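Visitor: what shape does this take:
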Amino acid sequence: MSNSTIASISVESKCDALLEKIRGLFDHDIDASTQAEIAKLVFTLHRAKLAGILDYTGPLSIAVAAICQSPPALKLASELREEADKRITSNNNLLRQIIHPKTPPAAVVLGMGFVLYCAVPITLTFLPRLMTKPETLAIDGQLMAIVGIAGAIGSIVSIMVRIADFTKSSITDRSILFMTGAFKPVIGCAFAIFAFAAIKSKVIPLATEPVSEPYLAIALAFVSGFSERFAPDVVTAAEARFLGRKNDSIQYLQNRPQVDSGATALSQ
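Guide: Got it, this is the predicted structure:
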């Protein structure tokens with residue numbers, strides 16, 4: 001059972017105990033002003049119960065104790081209840097929930113959203129300039145840009161597909177989860193460009209049927225960003241090739257089943 005679940009159960013039991021304590025007041029005569037404050041306090045306790053945050057139960061327990069004493073300390077109870085109401089309302093604010101995510105998936109998505117917020121304007125600024133220069137240093141800049149974007153998209157889709165898995169994550173540090181979501185599109189883009197360059201330079205030759213080169217490049221870039229296995233295999237295979245030794249990754253990449261793709265065209 002996760003810490004958040006335990007905390008939620010604890011909040012629920014404490015709020016129920018405070019509500020039960022308020023019910024004990026019904027055995028006595030209660031004046032109209034106290035009744036009005038009890039009604040407001042009951043609704044605040046229900047809101048705190050739904051919010052599931054333990055910090056609210058301390059002040060609210062003092063407010064209930066102030067109501068239950070004889071004579072009731074209505075001013076103290078009212079001040080504590082109003083402050084708890086303000087904090088619960090603030091915590092339920094959508095913008096606050098986005099900035100301060102409570103769950104691991106929300107933290108990961110926030111990190112991904114942050115890097116997209118920064119990357120999209122930069123891409124829209126420099127991509128048109130890159131498209132006007134087809135080749136830079138004998139490198140197809142247009143295709144390289146498309147490959148990088150496809151790799152980033154692949155990593156984003158990977159996060160979206162696996163978003164439920166983050167609920168089972170043992171990592172509770174929200175900053176690590178935020179950076180995971182922020183860095184994954186960047187890593188996907190970098191891996192896609194590397195895989196494209198490795199195959200284009202024939203460091204990793206793939207023997208498959210030739211079709212149009214751009215489509216294969218986009219497909220490989222997407223897989224490089226999406227798959228957590230493919231890109232490390234390509235890096236390991238390239239490393240082994242540079243060092244002049246065979247390994248399982250090279251055999252895996254060279255001996256995979258034939259598919260209708262354009263690796264031959266891409267490596268030329």
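Visitor: assign the most centrally placed residue in the chain to helix, strand or coil.
Guide: Centroid check for the chain by C-alpha atoms, centre = their mean gives residue 108 as the closest residue, at 1.6 Å. Using DSSP: H, G, I helix; E, B strand; the rest coil, the structure places residue 108 in helix.
Visitor: am I right that it is in contact with residue 179?
Guide: No. Residue 108 is not in contact with residue 179 according to C-beta atoms under 8 Å; the separation is 9.4 Å. In this view, the C-beta of every residue, glycine as well, is placed from N, C-alpha and C.
Visitor: show me where the stretch 1-150 of the chain has its strands.
Guide: Secondary structure of the stretch 1-150 of the chain by DSSP state E, counting those that start in this stretch: the strands cover 135-136, 139-140.
Visitor: which of the ones you listed comes out lowest on mean pLDDT?
Guide: Of all the strands of the stretch 1-150 of the chain, the minimum mean pLDDT falls on strand 135-136 (a mean of 60).
Visitor: re the thing from before, contacting residues around the spatially closest residue to the residue nearest to the centre of the chain that is not a sequence neighbour?
Guide: Take residue 108 and drop its neighbours on the chain: the residue closest to it by C-beta to C-beta, 6 or more residues apart in numbering is residue 181, 3.8 Å away. Listed by C-beta atoms under 8 Å, 6 or more residues apart in numbering, the contact set of residue 181 reads 107-115, 159.
Visitor: dump those into TSV; add distance to residue 169 and pLDDT as well.
Guide: TSV is the format used below for those (distance: C-beta to C-beta, whole Å; pLDDT from 0 to 100):
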residue	distance to residue 169	pLDDT
107	10	83
108	9	87
109	13	86
110	15	85
111	13	87
112	15	89
113	18	87
114	19	86
115	19	88
159	13	90
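Visitor: what is the burial count for the residue lying closest to residue 115 once chain neighbours are set aside?
Guide: Sequence neighbours aside, residue 182 is the residue nearest to residue 115 in space, at 4.5 Å (criterion: C-beta to C-beta, 6+ apart). Residues lying near residue 182 (other C-beta atoms under 10 Å) number 18.
Visitor: with residue 167 instead?
Guide: 11.
Visitor: how far away is it from residue 10?
Guide: 20 Å (C-beta to C-beta, to the nearest Å).
Visitor: same deal with residue 204?
Guide: Per C-beta to C-beta, residue 204 is found 55 Å from residue 10.
Visitor: okay then, goodbye and thanks.
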